[in-house]
Structures are given as structure tokens and as C-alpha cells.
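**Q** when you get a sec, could you give me coordinates for this:
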Amino acid sequence: MTPRELFFQLGADRRRQVHLSLCEDALPAWIDYTRGKRAQLRYRDSVVGMRHQVDVELPADALLSARAGEDLADVGSRYLEPIAALQDDDLTFPDPVEFAYYAMYNCFRKYVGGDDISDWLIVNQALSVHDDSEAASRLTRAIGDIDPTVRG
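**A** Purely as a prediction, here's the structure:
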């Protein structure tokens, strides 16, 4: 059975636990990227030309809120501008960092906002932070940590 099939055998609560685990595993990519760059993480939006500072704490706050099931730090409104900037190409990150950013965002949207986010989208984004050759083993390990009866 593939790791994807194993994942979809899990109930909704266990899939949530896998999402949180995979996002926790992806968060260091964001932290490593932003460490020591706070002053450099600025962008200008193309709509009105305003300058913005990247909120480096936002993905971690999103993950904490997703774990709690409630918006603990005004995460929803803090994401509005940077997500628009990413979609408008006003803000860019290296691919693994962007995948980590979106994984935390979508996990937050699903488990705090109640948005209809595909379960596999979050898995795919969180795993895309890492080398492709590690994806299956990382997912299998996350599933096994949540449900030891499930084996690949």
C-alpha cells in the first residue's frame, strides 16, 4: 500500500494529526530561511506601491493556531497581504520556503477557518519542502507516529 493510500485510510482526526506533524517538520525550512534576514525581508506591492515587512513569526503562529483550533494571534488578517503579494509575484521565496509558508497557511485555513482545503494539498505542500526522495518515508513515518497500527 502506498503512503498516500495509508494516509487516506486514516480518519479525519488522524489526518489532522499527520498534517500538523508534517507542517511541524516543514517549519524549520522557513525558520532557517528567515534567520538573520529580518531587515532584508521587505517587498513592495504592485497595486498601491506600499512597502511591507515580512512577518517572520506568521507561519509558526499559524501552526500554533491550527493545533489549538482557533486563531490565537490574528493570523487570519496577518496573512491577507502576504498571500496577495505571493499571488501577484510581489513577494517571492525559494520553492521549498514557499511550500512551507503555504502548508502552514492552508493548515491554518482548514483547522481554524473551516475552509474546504484538500487534505492532500497540505500533505503535498509540506512534503515539497524536502527532497523528493524523502517524501514517501517522511509521510510513512508521520502516519506511523500517529497510528502505529498502520504500516507501509
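**Q** and Pro28, what element?
**A** Element membership for Pro28 (DSSP states H and E) is helix 12-34.
**Q** dump that helix to CSV, restricted to CA.
**A** What follows is helix 12-34, C-alpha atoms only, in CSV (Å, rounded to 0.1, in the frame of the first residue of the first chain):
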residue,chain,number,x,y,z
ALA,A,12,-10.3,12.9,9.8
ASP,A,13,-8.7,13.5,13.2
ARG,A,14,-5.7,11.4,12.4
ARG,A,15,-5.2,13.1,9.1
ARG,A,16,-5.3,16.3,11.0
GLN,A,17,-2.5,15.0,13.3
VAL,A,18,-0.5,14.0,10.2
HIS,A,19,-1.0,17.5,8.7
LEU,A,20,0.2,19.1,12.0
SER,A,21,3.2,16.7,12.1
LEU,A,22,4.2,17.4,8.5
CYS,A,23,3.9,21.1,9.0
GLU,A,24,6.0,21.0,12.1
ASP,A,25,8.6,19.1,10.1
ALA,A,26,8.4,21.8,7.3
LEU,A,27,8.6,24.8,9.7
PRO,A,28,12.4,24.7,10.1
ALA,A,29,12.8,25.5,6.3
TRP,A,30,11.0,28.7,7.0
ILE,A,31,12.9,29.5,10.2
ASP,A,32,16.3,28.7,8.6
TYR,A,33,15.5,30.9,5.6
THR,A,34,14.4,33.9,7.7
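**Q** which secondary structure elements does whichever helix or strand comes after that helix contact?
**A** Going down the chain from helix 12-34, the next helix or strand is strand 42-44, by DSSP H and E. On a contact count with 3 or more C-beta pairs under 8 Å, 6 or more residues apart in numbering; DSSP states H and E, strand 42-44 meets strand 51-53. From N, CA and C alone the C-beta is placed, and that goes for glycine too.
**Q** roughly how far out does the strand it packs on sit from the chain middle?
**A** In terms of C-alpha atoms, centre = their mean, to the nearest Å, the centre of strand 51-53 is set 22 Å apart from its chain centre.
**Q** could you give the average pLDDT over it?
**A** Across strand 51-53, the average pLDDT comes to 88.
**Q** buried ones in the worst-scoring helix or strand of the chain on mean pLDDT?
**A** The helix or strand of the chain with the lowest confidence, counting by mean pLDDT, DSSP states H and E, is strand 42-44 at a mean of 83. Neighbour-count burial for strand 42-44 flags Tyr43 (criterion: 16 or more other C-beta atoms under 10 Å).
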